[in-house]
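with the sequence up front, the predicted model follows.
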Amino acid sequence: MAIHDETSQRLYLDAALAAGGNVACTPEQANYLLNVLRLSAGDAVRVFNGRDGEWRAVITLPRRKDCRLVIDTLTRAQISGPDIDYLFAPLKHARLDYMVQKATEMGVRRLRPVITRRTIAQRVNLERMRANAIEAAEQCGLLGIPEVMPPQDLGAVLASWEGSRHLIFCDESAETLSPVAALQAESKGPLAVLIGPEGGFDPAERAALLAAPFTQAISLGPRIMRADTAAVAALALVNAITGQGW
């Protein structure tokens with residue numbers, strides 16, 4: 001894990017960042033800085049937007065529900081993380097929140113909900129997913145925020161797949177039992193990881209995945225994992241074995 005300065009608070013800003021810039025906080029951000037953290041004029045925070053690196057910013061013109069941040073100095077230059085898509089059958093509420101946070105911490109570039117025949121949660125709150133991703137990035141010192149994609153049916157995903165991106169999917173019936181052996185042959189290029197629904201892929205979906213030329217099935221071992229646990233396990237394996245890391 002990279003070591004960063006964790007002595008000051010971090011805040012995601014949806015604005016361009018450059019020395020001398022003056023950015024207005026949202027009411028929620030102002031309340032957090034001024035009323036929750038009890039910061040005041042002249043106090044510094046670290047800010048990032050996923051594009052321009054991380055900056056030191058100073059609070060100015062604080063009021064009860066309003067403040068501005070003056071962008072001061074660059075603390076970390078923007079870096080390009082691994083190109084990993086994370087595809088998943090949506091879960092309900094708190095478990096989906098947890099999974100999004102952990103996938104963000106693992107450095108995925110895109111979050112892609114996939115609707116399968118056994119998916120239980122058919123509706124996905126994309127704004128809530130993005131908020132959880134931002135919170136995880138703020139807390140863990142990340143410079144990037146994963147893009148949150150609208151949900152797609154699994155069939156449509158496979159039919160429109162980007163051919164150069166290899167898709168790794170977790171399959172309890174994978175022929176190669178060792179995920180290490182299965183992943184060692186993967187390239188360092190763009191990758192995707194797919195975790196299915198709690199009940200697993202149905203036979204037709206599994207057959208379609210195995211027949212696609214861009215897929216690699218891996219096993220996560222003999223234990224039956226919940227989908228959110230499987231996400232952490234699979235992404236950790238991909239990061240470690242393929243050399244992908246944020």
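Cool, got the structure.

for the residue nearest the centre of the chain, give its distance to Val238.
Nearest residue to the geometric centre of the chain (Cα atoms, centre = their mean): Thr104, 2.7 Å. Computed with Cβ to Cβ, to the nearest Å, the distance linking Thr104 and Val238 is 15 Å. Where you see a C-beta, it was placed from the backbone N, CA and C, and this is true even at glycine.

packing partners of the one helix or strand Pro113 maps to?
Element membership for Pro113, per DSSP states H and E: strand 110-115. Identification of packing neighbours for strand 110-115 by 3 or more Cβ pairs under 8 Å, 6 or more residues apart in numbering; DSSP states H and E yields strand 84-88, helix 93-105, helix 126-140, strand 147-148, strand 152-153, helix 154-159.

state the distance from the residue lying closest to Cys67 once chain neighbours are set aside to Val157.
Distances taken as Cβ to Cβ, 6 or more residues apart in numbering place Ala30 nearest to Cys67, at 4.7 Å, with adjacent residues excluded. Distance, Ala30 to Val157, by Cβ to Cβ: 40 Å.

for Ala18, same thing?
On the measure of Cβ to Cβ, Ala18 and Val157 end up 38 Å apart.

looking at those two, which is more packed in?
Val157 (18 against 11; other Cβ atoms under 10 Å).

which residues touch the more buried one?
87, 112, 114 (Cβ atoms under 8 Å, 6 or more residues apart in numbering).

looking at those residues, which one is closest to Leu194?
Within those, the smallest distance to Leu194 is 4.3 Å, found for Leu87 (Cβ to Cβ).

helices of the protein, start to end?
Ranges of helices in the chain, per DSSP state H, are 27-31, 93-105, 126-140, 154-159, 179-184, 203-211, 227-242.

run the chain-centre distance for the second one.
Which is helix 93-105. Distance of helix 93-105 from its chain centroid, counting by Cα atoms, centre = their mean, to the nearest Å, is 8 Å.

okay, domains of the chain per the record?
Domain segmentation of the chain under automatic domain parsing yields 10-76, 84-242.

can you tell me which of those the model trusts least?
Among the domains of the chain, domain 84-242 carries the lowest mean pLDDT, at a mean of 87.

residues contacting the residue nearest to Trp161 when sequence neighbours are not counted?
Spatial nearest neighbour of Trp161, chain neighbours left out: Phe214 (6.0 Å); criterion: Cβ to Cβ, 6+ apart. The contact partners of Phe214, taken as Cβ under 8 Å, 6+ apart, are 161, 163, 165-167.

output the residues you listed in JSON lines, with distance to Ala77 appended to each entry.
JSON lines is the format used below for the contacts of Phe214 (distance: Cβ to Cβ, whole Å):
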{"residue": "Trp161", "distance to Ala77": "33"}
{"residue": "Gly163", "distance to Ala77": "32"}
{"residue": "Arg165", "distance to Ala77": "27"}
{"residue": "His166", "distance to Ala77": "29"}
{"residue": "Leu167", "distance to Ala77": "31"}
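
out of those, which are buried?
166-167 (16 or more other Cβ atoms under 10 Å).

what about the contacts of Phe214, which are in strands?
Secondary structure from DSSP state E places 166-167 of the contacts of Phe214 in strands.

tell me the contacts of the closest residue in space to Ala233 that isn't next to it in sequence?
Using Cβ to Cβ, 6+ apart and skipping the chain neighbours, the partner closest in space to Ala233 is Leu220 (5.4 Å). Going by Cβ under 8 Å, 6+ apart, Leu220 touches 170, 172, 179, 230, 233-234, 237.

distance of Leu220 from Gly196?
Distance from Leu220 to Gly196, by Cβ to Cβ: 12 Å.

common neighbours of those two, please.
Joint contacts of Leu220 and Gly196 (Cβ under 8 Å, 6+ apart) are Cys170.
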